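# how does the following fold in three dimensions:
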Amino acid sequence: MTFESKSVGWRRSRVAWMKFLATRAVGLVVDAAVLGFAYLSAFALRLDFQTPQWGWRATAQSFVMVCVVHLAALIACGCYRLPWRRTRGSELPRYIGAMALAGAVLTAMRFFLPDVAMAHIRPPYSITVMSFFLGTIGVVGIRVLWRVYWVSRVRDEELLARHEARFDNSVARAFLTGRTVMVTGAGGSIGSEIVRQVTAAGAAKVLMVERGENVLYEINREMNTPVCVPLMIDINDQVKMDALFAQEKPSVVLHAAAYKHVPMVEMNPEEGWRNNTEATRRLAELAAAHGVERFVLISTDKAVNPVSVMGKTKLAAEQAIMSLNGSQLPPRNAQGSTRNTSFCAVRFGNVLGSSGSVVPLFREQIAKRQPITVTHPEMKRYFMTIQEAVSLVLQAASRTERAIYTLDMGEPVRIVDLAEGMIEQAGYRPYVDIPIVFTGIRPGEKLFEQIDVSEKSAYRTDMAKIYITKQGSEQ
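Numbering: from 1, shown residues only. Next up, the predicted model:
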């Protein structure tokens, strides 16, 4: 870890501790108010809302000692180390124990200080008992209500530094209705969502091509419809894929199968090239030979000025399919179509919650109370929700341009900010409950991805936030 990373981590840790102390101070004030209300309510109930013989002012003054005892008990029992947003049933005994301890101390004070002159520091037994019940309900209740409020507003989308983009998918639905659609990588995060939305759009048949047995089983079990056909085939098996095209005659191919993890592909470049580039090229050639109407490649922002092997394999895959636009490959058999296939690619950034991305990793680390690992404090990435990504894919499928599409994804998100947000969403405090450590940039990674939708690099389409990259596209 560099000196700069250590310095940034120390500054953020200091700010986090200051924020923590400030919130604890607010918590003390809130609890004091709740306990004060409980104490005065106990007097009002005990005296049938009549004025005590020593007056309400003296009663309020006597609360000072009561409050000090209760807050000291809550501190001693560790209640202020527990974040309100994570209040759980298993923690209730700690709060109840703290309130019982305070009641026991006040009862002992009443017993050992019977002198009436000491009344301002030792409330009556009945008031102590009633305050225990009312105070416990108030202290626990306010934490539970805060947890309910917090959980109700927590969504993955709130981690984005922008509003989630919404699309009018009516054109895509009209295009897909009644068609046979092939989805490769159908068990992956993107592929499975494509299957869901294509099925909902009214496709006549969805060919779910996936080599992973478990994930194919899961999406097939979820869909549970004869419209979706599970096909455990590796797209690298050209013979089987050729036979599948010949038998099913899909009119649309949505190609999501790929290796996508930068470090893994960096360590296995030959396999990355074989699966991401060569398999895509052969699949595209089969699609053209069998008369597929529209072929959509799921690409990545890492294909822009790539430095990683994964980015280079995806850029090469884009170039391979775009080179087929306008070509007329001979049909594979006598019944083959001579339709001219339209090829396009769709680039987008990281997908929130997709398998292998930082979000599931951070969630796992948070669940285990392990330090969150971030490569660099200035590492930034563009993020999309799965719904946004798939909407873009289906929009691209319904269009006619033979182009590389890019979504305007707003401003990139700093990974360290994402980590802090997820820790807070889970009800913990960054750098206080869960530390964040910087591990250094890995081979093949860039600090920033270079998506550009300005006029110099892209054309605006008539669909909101969808652009056509000038380089590599044909109109």
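# so, low pLDDT: which residues of the stretch 201-350 of the chain?
The model of the stretch 201-350 of the chain has pLDDT under 70 over residues 326-339.
# rerun at 50
334 (pLDDT under 50).
# give me the nearest residue to Arg196, chain neighbours excluded.
Sequence neighbours aside, Met223 is the residue nearest to Arg196 in space, at 7.4 Å (criterion: CB to CB, 6 or more residues apart in numbering). Every C-beta, even on glycine, is put in place using the N, C-alpha and C of the backbone.
# quick one: that neighbour and Val206, what's the gap?
In this structure, Met223 lies at 8 Å from Val206, with CB to CB, to the nearest Å as the measure.
# between those two, which one's more packed in?
Set side by side, Met223 and Val206 give different neighbour counts by other CB atoms under 10 Å, the larger being at Val206 (27 against 19).
# the more buried one and Val227 touch, don't they?
Yes: with contacts counted by CB atoms under 8 Å, Val206 reaches Val227, the gap being 5.9 Å.
# picking that back up, quick one, what contacts the residue nearest to Arg196?
Val195, Arg196, Thr199, Val206, Met208 (CB atoms under 8 Å, 6 or more residues apart in numbering).
# of these, closest to Ala104?
Nearest to Ala104, judged by CB to CB, of the contacts of Met223 is Arg196 at 57.9 Å.
# can you get me a residue count around that closest one?
By the other CB under 10 Å criterion, the neighbourhood of Arg196 contains 18 residues.
# and the contacts of stretch 256-266?
The contact list for stretch 256-266 (CB under 8 Å, 6+ apart) reads 183-186, 188, 190-191, 194, 209-211, 235, 268, 271-272, 275-276, 279-280, 298, 300, 302, 308-311, 313-314, 317, 356, 442-445.
# just the C-alpha atoms of that stretch, please, in PDB.
Listed in PDB are the C-alpha atoms of stretch 256-266, where the atom choice follows Å, rounded to 0.1, in the frame of the first residue of the first chain:
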ATOM      1  CA  ALA A 256     -23.900 -12.500 -23.000                       C
ATOM      2  CA  ALA A 257     -21.500 -15.500 -22.500                       C
ATOM      3  CA  ALA A 258     -18.000 -14.300 -21.600                       C
ATOM      4  CA  TYR A 259     -15.200 -14.300 -19.100                       C
ATOM      5  CA  LYS A 260     -15.400 -10.900 -17.400                       C
ATOM      6  CA  HIS A 261     -13.200 -10.800 -14.400                       C
ATOM      7  CA  VAL A 262     -10.100  -8.700 -15.200                       C
ATOM      8  CA  PRO A 263      -7.600 -10.400 -12.800                       C
ATOM      9  CA  MET A 264      -8.600 -13.900 -13.800                       C
ATOM     10  CA  VAL A 265      -8.400 -13.200 -17.600                       C
ATOM     11  CA  GLU A 266      -5.100 -11.400 -17.000                       C
END
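# and it, what's buried?
By neighbour count, with 16 or more other CB atoms under 10 Å as the criterion, the buried positions of stretch 256-266 are Ala256, Ala257, Ala258, Tyr259, Lys260, Val262, Val265, Glu266.
# care to break this protein down by domain?
Per automatic domain parsing, the domain ranges recorded for the chain read 3-153, 158-469.
# just give me the neighbour total for Thr23.
Thr23 is surrounded by 15 other residues when neighbours are defined as other CB under 10 Å.
# tell me where the stretch 1-150 of the chain has helices.
3-46, 55-76, 92-112, 125-153 (DSSP state H, counting those that start in this stretch).
# format those helices as CSV; extra columns: mean pLDDT and distance to Asn350.
Supplementary listing: the helices of the stretch 1-150 of the chain in CSV, determined by pLDDT from 0 to 100; distance: least, CB to CB, whole Å:
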stretch, mean pLDDT, distance to Asn350
helix 3-46, 79, 21
helix 55-76, 82, 42
helix 92-112, 90, 39
helix 125-153, 85, 23
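# would a markdown table of the ones you listed with distance to Tyr405 be doable?
What follows is the helices of the stretch 1-150 of the chain, written out as a markdown table (distance: least, CB to CB, whole Å):
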| stretch | distance to Tyr405 |
| --- | --- |
| helix 3-46 | 36 |
| helix 55-76 | 57 |
| helix 92-112 | 53 |
| helix 125-153 | 33 |
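# between those helices, which gets nearest to Pro435?
helix 3-46 (7.5 Å).
# intersection of neighbour lists for Val206 and Val227?
Overlap between the neighbourhoods of Val206 and Val227 consists of Thr199, taking contacts as CB under 8 Å, 6+ apart.
# ok, back up a step: winner for burial among the domains of the chain?
Taking mean count of other CB atoms under 10 Å as the contact definition, the stretch among the domains of the chain with the greatest mean neighbour count is domain 158-469, which reaches a mean of 19.
# quick one: which of the helices of the stretch 1-150 of the chain is nearest Val432?
When the helices of the stretch 1-150 of the chain are compared by CB to CB, helix 3-46 sits nearest Val432, at 4.8 Å.
# who does that closest one touch, helix- and strand-wise?
Helices and strands touching helix 3-46, by 3 or more CB pairs under 8 Å, 6 or more residues apart in numbering; DSSP states H and E, are helix 55-76, helix 125-153, helix 415-425, strand 436-438.
# let's see it at 10 Å
Helix 3-46 sits against helix 55-76, helix 92-112, helix 125-153, helix 415-425, strand 436-438, with contacts defined as 3 or more CB pairs under 10 Å, 6 or more residues apart in numbering; DSSP states H and E.
# now for the contacts of Met223: which two are most distant?
The distance between the two most remote of these (CB to CB) is 10.9 Å, for Arg196 and Met208.
# give me the common contacts of the two.
Common contacts of Arg196 and Met208 (CB atoms under 10 Å, 6 or more residues apart in numbering): Ile219, Met223, Cys228.
# including secondary structure and distance to Asp31, could these go into CSV?
CSV is the format used below for the shared contacts of Arg196 and Met208 (DSSP: H, G, I helix; E, B strand; the rest coil; distance: CB to CB, whole Å):
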residue, secondary structure, distance to Asp31
Ile219, helix, 49
Met223, helix, 51
Cys228, strand, 55
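# which one among those gets closest to Phe362?
Of all these, the one sitting nearest Phe362 is Ile219; the distance, using CB to CB, is 24.7 Å.
# wait, doesn't that closest one sit right on Glu213?
No: using CB atoms under 10 Å, Ile219 is not in contact with Glu213; the gap is 11.5 Å.
# which neighbours do those two have in common?
Shared contacts of Ile219 and Glu213, defined by CB under 10 Å, 6+ apart, comprise Gly187, Pro230.
# state the distance from Gly311 to Lys302.
For Gly311, the distance to Lys302 - CB to CB - is 4 Å.
# overlap in contacts of the two?
Taking CB under 10 Å, 6+ apart as the criterion, Gly311 and Lys302 both touch Val262, Gly444, Glu445, Lys446, Glu449.
# for Leu231, name its beta-bridge partners.
In this structure, Leu231 has beta-bridge partners Val209, where bridges are defined by DSSP bridges.
# OK, contacts around it?
Counting by CB under 10 Å, 6+ apart, Leu231 has contacts 182-184, 186, 207-211, 216, 220, 240-241, 244, 248.
# which members of those residues occur in strands, if any?
Within the contacts of Leu231, residues falling in strands by DSSP state E are Met182, Val183, Thr184, Leu207, Met208, Val209.
# could you check the pLDDT of the first one?
On pLDDT, Met182 comes in at 98.
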